[in-house]
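1. sequence and predicted structure, then a few things I'm wondering about:
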Amino acid sequence: MYKVSHLQCNSEKMKLKLHILFILLLGLSTGEIQAQVSLAFSDDVFYQDTVLLNSTQEFSLELMNTGEDTLLEPVEIFMSITNFDEQTTTESMGMFIPQDTVFVPGGVLEITFIDLISPEKYSAGDNVVVIWPGVTATPITHETYTGFVYVKEFSGVGDLNVQQLNMYPNPMQEQAVLSLPSNEWIESVKVLNVMGAIVREERVKANQYLFSKEELSKGVYFLEVFSKEAIYQQKIIIN
């Protein structure tokens with residue numbers, strides 16, 4: 001009886017060792033199989049490379065899954081800013097989910113986010129912008145985008161280039177028509193008060209912009225007008 005018990009004990013120990021070895025081998029084999037998800041910028045990152053301090057900036061980009069596997073979780077976009085004083089801040093710009101909730105190989109994810117050009121992150125002069133994607137659980141490889149944003153301090157009329165704009169009437173009462181030289185298309189318009197605060201922002205996509213008084217009170221304002229080639233500014237008076 002003693003010998004049989006001893007053999008049974010050894011048999012159980014052998015089974016346990018084999019079971020542990022199987023788990024270790026399984027762990028090693030599954031650990032070697034990593035998700036082949038690779039995220040790359042399918043085009044350039046679009047934004048205005050010259051902006052005013054305390055204004056807002058829109059960034060638009062496209063990510064493509066150039067790997068072999070499907071990504072089953074949202075993509076988080078990170079951005080770091082290194083200002084002219086060599087101070088760096090990094091923050092998440094949000095979570096983005098593909099249209100069909102999964103990011104298949106060859107799929108494209110369109111991403112747009114807004115950043116405030118605040119003095120806590122940006123400084124007057126050149127600022128280095130670095131943008132990259134990340135996910136929580138899936139192993140990925142990814143590209144990193146590096147660009148530059150030149151920031152101007154808002155100092156009133158001295159910053160304006162009124163000669164390059166066509167606007168009539170100015171001063172105005174209810175409406176005025178604005179156009180850019182050389183038939184450039186207006187992409188967007190921001191309206192700032194004399195303190196430099198944004199009081200209105202509109203996407204235009206036209207060669208003329210009809211500026212309406214609407215909720216604005218009488219006084220002096222500044223228009224920040226964006227085309228694909230440049231930024232224009234215009235002082236306007238509402239009577």
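-> Yep, it's here.
2. please name the bridge partners of residue 142.
-> When assigned by DSSP bridges, residue 142 has beta-bridge partners residue 39.
3. I'd say it and residue 77 touch.
-> No - here residue 142 does not reach residue 77: they are 10.6 Å apart, not a contact under C-beta atoms under 8 Å. Heads up, the C-betas are built off the backbone N, CA and C, glycines and all.
4. what's near enough to touch residue 185?
-> 205, 206, 207, 227, 228 (C-beta atoms under 8 Å, 6 or more residues apart in numbering).
5. inside helices: which ones of those?
-> Judged by DSSP state H, helices contain none of the contacts of residue 185.
6. by neighbour count, which of the residues you listed wins?
-> Neighbour counts for the contacts of residue 185 (other C-beta atoms under 10 Å) peak at residue 227, which has 18 neighbours.
7. once you drop chain neighbours, what's closest to that one?
-> With C-beta to C-beta, 6 or more residues apart in numbering as the criterion, residue 227 has its nearest non-adjacent residue at 4.5 Å, and that residue is residue 184.
8. report the contact partners of that neighbour.
-> By C-beta under 8 Å, 6+ apart, the contact set of residue 184 is 207, 227, 228, 229, 230.
9. contact partners for residue 227?
-> Shown in contact with residue 227 (C-beta under 8 Å, 6+ apart): 180, 184, 185, 186, 187.
10. closest one of those to residue 138?
-> residue 187 (35.5 Å; C-beta to C-beta).
11. from residue 70, how far out is the residue lying closest to that closest one once chain neighbours are set aside?
-> The spatial neighbour of residue 187 that comes closest, neighbours along the chain excluded (C-beta to C-beta, 6+ apart), is residue 226 at 4.7 Å. Distance, residue 226 to residue 70, by C-beta to C-beta, to the nearest Å: 37 Å.
12. sketch out the low-pLDDT regions of the chain for me.
-> Along the chain, segments meeting pLDDT under 70 span 1-35, 154-164, 195.
13. where do the helices sit along it?
-> 2-32.
14. break it into its domains for me.
-> 1-33, 38-152, 159-238 (automatic domain parsing).
15. contacts only, for residue 113.
-> Shown in contact with residue 113 (C-beta under 8 Å, 6+ apart): 58, 59, 77, 93, 94.
16. distance of it from residue 151?
-> 18 Å.
17. related to what we said a few turns ago, higher neighbour count, residue 226 and residue 70?
-> More crowded of residue 226 and residue 70, by other C-beta under 10 Å: residue 226, with 20 against 16.
18. I figured the more buried one hits residue 201, correct?
-> No - applying C-beta under 8 Å as the test, residue 226 and residue 201 come out as separate, 10.4 Å apart.
19. between these two, which contacts overlap?
-> 188, 189, 190.
20. what is the nearest of those residues to residue 137?
-> For those, the minimum distance to residue 137 (C-beta to C-beta) is 37.0 Å, reached by residue 188.
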